[in-house]
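Q: A predicted structure for the sequence below; I have some questions about it.
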Amino acid sequence: MRVGVIGGGLMGSGIAEVCARSGVDVTVVEADDERAERSRAAIERSLARAVRSGKLDEAGQAAALEHLAVTSTFEDIAGSDAAIEAVVEDEQLKRDVFKRLDDLLPDAKFLASNTSSVPIMKLGAGTKHPGRVLGMHFFNPVPVLPLVELVTSIMTEPETVEAVREFAEGTLGKQCIDSQDRAGFVVNALLIPYLLSAIRMYESGFASKEDIDHGMVLGCAHPMGPLRLSDLIGLDTLLAVSESLYDEFRDPASVAPALLNRMVEAGLLGRKSGRGFYDYSK
Ligand code: 3HC
């Protein structure tokens with residue numbers, strides 16, 4: 001099996017790592033050589049971490065690297081059996097990627113998007129074969145979290161869904177849940193209003209960020225509190241998902257707090273930029 005992953009950021013590099021570790025030949029496409037190099041370095045670091053924690057042996061690490069290619073040339077994925085798009089949450093950019101994938105991979109079994117906010121139908125609509133387009137939504141960190149949401153548009157063929165389920169569960173060892181093509185799908189529709197209300201709580205001075213986070217870790221056994229989790233997801237992504245939830249449902253719980261807008265405008269995007277609610281620069 002040969003898969004192209006478009007976008008080698010936080011999610012794309014995680015998806016590519018999981019593919020390579022499962023014996024899938026994977027080619028990551030990035031926008032330029034510098035980003036491609038950063039993506040390869042992130043995957044190599046994550047593989048080294050898995051070796052250190054005893055989850056992967058050195059032979060497994062070497063095998064995974066053999067299955068991995070990283071490029072800045074889109075056409076390098078020609079001939080792939082499938083593609084997974086994981087570029088930033090920009091609707092027009094994603095639509096352009098799907099148009100290119102549709103033209104470059106006429107025989108691919110499926111064209112999946114890891115989007116957390118763009119309706120799958122909008123991506124399928126610009127292709128000649130919307131029946132093979134669907135959402136394959138992974139969770140961060142991708143090598144750790146087992147869930148994949150399978151999102152079917154009103155045009156996705158049942159055979160496409162079953163092929164992707166077999167790939168996600170049988171090949172990658174993930175577990176799937178099914179969702180209709182609605183903003184937020186299942187998990188983000190529940191998670192994002194919770195994260196936004198934690199930001200509102202902090203913004204209003206109701207409690208400190210540390211106490212909000214400790215409260216949910218110690219009182220509800222969450223692995224991390226909501227502000228730290230927002231930093232992990234990326235505040236730009238959180239903002240994009242909240243906007244798409246609000247566009248679809250007009251629920252005041254999905255309105256982004258002013259503080260979130262200001263932080264994104266300031267480039268404080270969380271872990272990936274070195275600073276969000278917490279400082280990660282050291
Ligand atoms: N890549 C690979 N492995 C990682 C990793 C990463 N980025 N981060 C952590 N790990 C592994 C570690 O190697 C470690 O493995 P080990 O137990 O074999 O040693 C294990 O995960 C635990 O890591 P740590 O001991 O360093 O730290 P924690 O125990 O605090 O776990 C965490 C870190 C896995 C991030 C955990 O806090 C967690 O699961 N947090 C919640 C994450 C979450 O909710 N994600 C969903 C976000 S929503 C989303 O992605 C959707 C999007 O559309 C918005």
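A: Structure received. Numbering: from 1, shown residues only.

Q: element containing the nearest residue to residue 278 once chain neighbours are set aside?
A: What sits nearest to residue 278 in space, not counting adjacent residues and going by C-beta to C-beta, 6 or more residues apart in numbering, is residue 231, at 5.9 Å. The C-beta positions use only the backbone N, C-alpha and C, and glycine is treated the same way. In this assignment (DSSP states H and E), residue 231 forms part of helix 226-233.

Q: could you dump that helix to CSV, C-alpha only?
A: C-alpha atoms of helix 226-233 as CSV (Å, rounded to 0.1, in the frame of the first residue of the first chain):
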residue,chain,number,x,y,z
PRO,A,226,-8.3,22.4,29.1
LEU,A,227,-5.9,25.3,28.7
ARG,A,228,-2.9,23.0,28.3
LEU,A,229,-4.9,20.9,25.9
SER,A,230,-5.8,24.0,23.9
ASP,A,231,-2.1,24.7,23.7
LEU,A,232,-1.5,21.2,22.4
ILE,A,233,-4.2,21.4,19.8
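
Q: Give me the mean pLDDT for it.
A: Averaging pLDDT along helix 226-233 gives 98.

Q: That helix - contacts with which helices or strands?
A: Other helices and strands packing on helix 226-233, by 3 or more C-beta pairs under 8 Å, 6 or more residues apart in numbering; DSSP states H and E, are helix 187-203, helix 209-220.

Q: got a list of contacts for the last one?
A: The set of residues external to helix 209-220 that reach it, using C-beta atoms under 8 Å, 6 or more residues apart in numbering, is 198, 201-202, 207, 222-228, 277-278.

Q: mind checking the end-to-end distance for stretch 87-96?
A: 11 Å (C-alpha to C-alpha, to the nearest Å).

Q: same deal with stretch 170-190?
A: 27 Å.

Q: Buried residues of it, list them for me.
A: Along stretch 170-190, these residues count as buried under the neighbour rule (16 or more other C-beta atoms under 10 Å): 172, 174, 176, 179, 181, 183-186, 188-189.

Q: Now the two most distant members of those residues.
A: 172 and 183 (25.4 Å; C-beta to C-beta).

Q: pretty sure residue 69 is in a strand, no?
A: Yes: judged by DSSP: H, G, I helix; E, B strand; the rest coil, residue 69 forms part of a strand.

Q: give me the beta-bridge partners of it?
A: Beta bridges link residue 69 to residue 27, judged by DSSP bridges.

Q: returning to that earlier point: the buried residues of stretch 170-190: which ones sit near the ligand?
A: The residues of those that also fall near the ligand, by C-beta under 6 Å from any ligand atom, are residue 188.

Q: In contact with the residue nearest to residue 278, which residues?
A: Contacts of residue 231 (C-beta under 8 Å, 6+ apart): 270-271, 276-278, 280.

Q: Out of those residues, give me the one that has the most neighbours.
A: Taking other C-beta atoms under 10 Å to define a neighbour, the member of these with the most is residue 270, carrying 26 neighbours.

Q: Quick check: next helix or strand after the top helix by length along the chain?
A: If you go by DSSP state H, the chain has its longest helix at helix 33-52. Note on helix 33-52: by DSSP H and E, the next helix or strand toward the C-terminus is helix 58-66.

Q: Mind listing what's buried along that next one?
A: Buried-residue list, helix 58-66, by 16+ other C-beta under 10 Å: 61, 64.

Q: Stretch 216-223 now?
A: residue 216.

Q: Is the ligand within reach of that stretch?
A: Yes: against the ligand, stretch 216-223 shows contacts by C-beta under 6 Å from any ligand atom at residue 223.

Q: Quick one: mean pLDDT for stretch 75-84?
A: 98.

Q: who's in contact with that stretch?
A: 1-6, 12, 15, 27, 29, 69, 101, 104-105, 108-114, 136, 167.

Q: returning to what we had before: next SSE downstream of the helix holding residue 231?
A: helix 235-249.

Q: follow-up on the earlier one: could you export the helices and strands packed on helix 226-233 to a markdown table, including columns for mean pLDDT?
A: A markdown table is the format used below for those (pLDDT from 0 to 100):
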| stretch | mean pLDDT |
| --- | --- |
| helix 187-203 | 97 |
| helix 209-220 | 98 |
